[in-house]
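Sequence below, structure please.
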Amino acid sequence: MSTMSVLIATAENEIFRGEASKLIAYSVEGELAIIPGHAPLLATLRPGELRIDCQLEGGRENCKTDIVVFGGFLEVQPDSVIVLADAIERAKDIDIVQAKRAVEKAKQQLTSHDKSTSAKAMFALEVAIAKLRVARRNSKQSLLKP
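Got it, this is the predicted structure:
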């Protein structure tokens, strides 16, 4: 299986470094699926999911890593990908109740006539929805129950 080198980092921490067969991210232009040999690319990331299909040391085990990215930048070269994220939240750290509350609060604020408040609400809504998607993908139980 062909792989590419992936580095995901914030200003404070290195989040992930390893080999991957695919990376899916959300840019301001839309969803991107990056595989080994992809054409060079620079993209601005919007809040959303970041999914990595990776190989652990020795290439023996496959893994899937789901992260919520709060924005940032993506650089793609044919054999490597670098994600510089503003902030991230791992699937295991997501508070589902808090994310559901954030969705409701953001929906209420979207009706504001103040453009700044509406923009902040849209950002919060995108982050909260991404958190719920990642949590659902990594949960063994339904998130539809209260």
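
C-alpha only now, for contacts and for neighbours.
Noted.

which residues touch the closest residue to Thr117 other than its chain neighbours?
Nearest in space to Thr117, with sequence neighbours left out and distances taken as Cα to Cα, 6 or more residues apart in numbering, is Gln109 at 6.8 Å. Each residue near Gln109 by Cα atoms under 8 Å, 6 or more residues apart in numbering is listed here: Thr117, Ser118, Ala121.

From Arg51, how far out is Gln109?
Distance of Gln109 to Arg51, computed by Cα to Cα, to the nearest Å: 29 Å.

how about the contacts of Gln109 in a markdown table, adding distance to Ile67 and neighbour count?
Formatted as a markdown table, the entries for the contacts of Gln109 read as follows, by distance: Cα to Cα, whole Å; neighbours: other Cα atoms under 10 Å:
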| residue | distance to Ile67 | neighbour count |
| --- | --- | --- |
| Thr117 | 26 | 15 |
| Ser118 | 25 | 18 |
| Ala121 | 21 | 22 |
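
mind listing which of those residues are in helices?
Using DSSP state H to define helices, the subset of these located there is Thr117, Ser118, Ala121.

Would you map the helices across the chain?
Assigned by DSSP H, the helices in the chain fall at 96-109, 115-137.

Give the residue farthest from the middle of the chain.
For the chain, the C-alpha farthest from the mean C-alpha position belongs to His113; by Cα atoms, centre = their mean, that distance is 29.5 Å.

Ramachandran coordinates for that residue?
Per-residue torsions, His113: phi -80, psi -10 (degrees, to the nearest 10).

Look up how far Val127 lies from it.
His113 sits 21 Å away from Val127, taking Cα to Cα as the criterion.
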